[in-house]
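Undergrad: Quick one, what's the 3D model for this:
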Amino acid sequence: MPRSKLNIEKFLEETALFIDRTVEKYIPRKFDESSLIFTLSPPRYKPDLEALNKAVAEPIWEFLDRGGKRWRPTLFLLVCEALGCDPQRFIDFAIIPEVLHNGTLIADDIEDASESRRGRLCTYKLFGVDIAVNVSDALFFLPMLVLLNNRDKFSLEKTRKIYEVYIQEMINLSFGQAIDIAWHKGLASADYVSDKEYLQMCVYKTGTLARMAAKMASILAGADESITEKMGRFAESIGIAFQIQDDILDLVGEEFARGKGGLGMDITEGKRSFIVIHTLQEATPEDKKRLTTILNMHTKDKRLKDKAIRIIRKYGSIEYAKNFALKIVQDSWIEVDKILHPSGAKEKLRALTNYLIMREI
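TA: You can find the predicted model right below:
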């Protein structure tokens, strides 16, 4: 294992510890009358704290405590530092994309009827669909308490820009999810999806929270609009590459797939990933029909999933996807390299990028 990978893994672990502590400031493990949310928005009467703890705090922290790389807040902090600001000033803001991300995962598991996430039963399986839906919704809005709590520390202009980024990216997120759902449910002609249509879905869905992290960090660091957009595009490319690597690991990553219920869960969902799209474009009519049939069956049969993976491998689609993911990140780094002055934060940002697209879990 390269030393740079070992270093970035340690850095992610260290960052995760204080990110989780910061999340607790806004979403406590146990609500009481002194919780920050009640200071920021005082209840008119009396909230049922037991109900909030059982139906909000407990399911949220049961999920957050499963872990996760916390790379989006790490990206946020590194962008701040690389642009010349003390990242400690903005740690509260770093939790925004991470909390939102976990909200999307809980929702995804319901929409995909998944069984497990990060090695445990999905939240809706443990607490019920009603609580999981509500918790997911709450996680889309709770992180904005950060802005409310810090509204006196920044100009109205910066506050407005942060709100605009949040609104735009949350709309994008819902669009990306809608397209992805429509494809694997057969509501749209998924068998004829082009590379560009897939990449736009990724820009909407997986690129959104990375882009949000980088743009918010840039705004808070005082960057102009041009730099903010370029940093956002760079982060977006990381998000897309991260998704492609996820799709690769779903097919070939034994350790990665173990926490999601086994290899080929995307095949069970009928997912039209970048890898699958390439195969469908390159395959013979016979192989295309076989693969499409298996995807449309939403099968859990290991034999059939293995058959689908063999067809995908036959056309070099996994290698094609790996190379594509690497290229889009390398291309976007060229612009960032021009913007950022040499620094330790810049080197860590590059190391983080390389780790995310080359990881095995």
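
Undergrad: what's the distance between residue 314 and residue 249?
TA: 19 Å (C-beta to C-beta, to the nearest Å). C-beta here means a position set from N, CA and C on the backbone, and glycine is covered the same way.

Undergrad: Compare those two and say which one has the larger neighbour count.
TA: residue 249 (19 against 14; other C-beta atoms under 10 Å).

Undergrad: Need the mean per-residue confidence for whichever helix or strand the more buried one is part of.
TA: Take DSSP states H and E as the rule and residue 249 turns out to sit in helix 225-252. Across helix 225-252, the average pLDDT comes to 94.

Undergrad: just stretch 153-161 next, same as before
TA: 91.

Undergrad: Can you tell me the closest non-neighbouring residue to residue 349?
TA: residue 78 (4.5 Å; C-beta to C-beta, 6 or more residues apart in numbering).

Undergrad: One more: residue 273?
TA: residue 247 (4.0 Å).

Undergrad: count of residues packed around the one you found?
TA: Residues within reach of residue 247, counting by other C-beta under 10 Å, total 19.

Undergrad: surely it meets residue 321?
TA: Yes: in this structure, residue 247 is within contact of residue 321 by C-beta atoms under 8 Å, at 6.9 Å.

Undergrad: hmm, back to that, can you name the next helix or strand after the host helix or strand of the residue nearest to residue 349?
TA: Residue 78 belongs to helix 71-82 when elements are defined using DSSP H and E. Where DSSP H and E defines the elements, the next helix or strand beyond helix 71-82 is helix 91-111.

Undergrad: What helices and strands are in contact with that following helix?
TA: With contacts defined as 3 or more C-beta pairs under 8 Å, 6 or more residues apart in numbering; DSSP states H and E, the packing partners of helix 91-111 are helix 3-26, helix 58-64, helix 71-82, helix 123-127, helix 129-141, helix 145-149, helix 156-184, helix 206-220.

Undergrad: between the ones you listed, which one is nearest to residue 359?
TA: Evaluated over the helices and strands packed on helix 91-111, closeness to residue 359 peaks at helix 3-26, with 8.4 Å, by C-beta to C-beta.

Undergrad: Check whether the residue nearest to residue 349 really touches residue 351, as I assumed.
TA: No: here residue 78 does not reach residue 351: they are 9.5 Å apart, not a contact under C-beta under 8 Å.

Undergrad: Tell me who's in contact with residue 252.
TA: 263, 309, 318 (C-beta atoms under 8 Å, 6 or more residues apart in numbering).

Undergrad: pLDDT weak spots in the protein?
TA: Scanning the chain for pLDDT under 70 picks out the ranges 1-6, 190-191, 254-261, 360-361.
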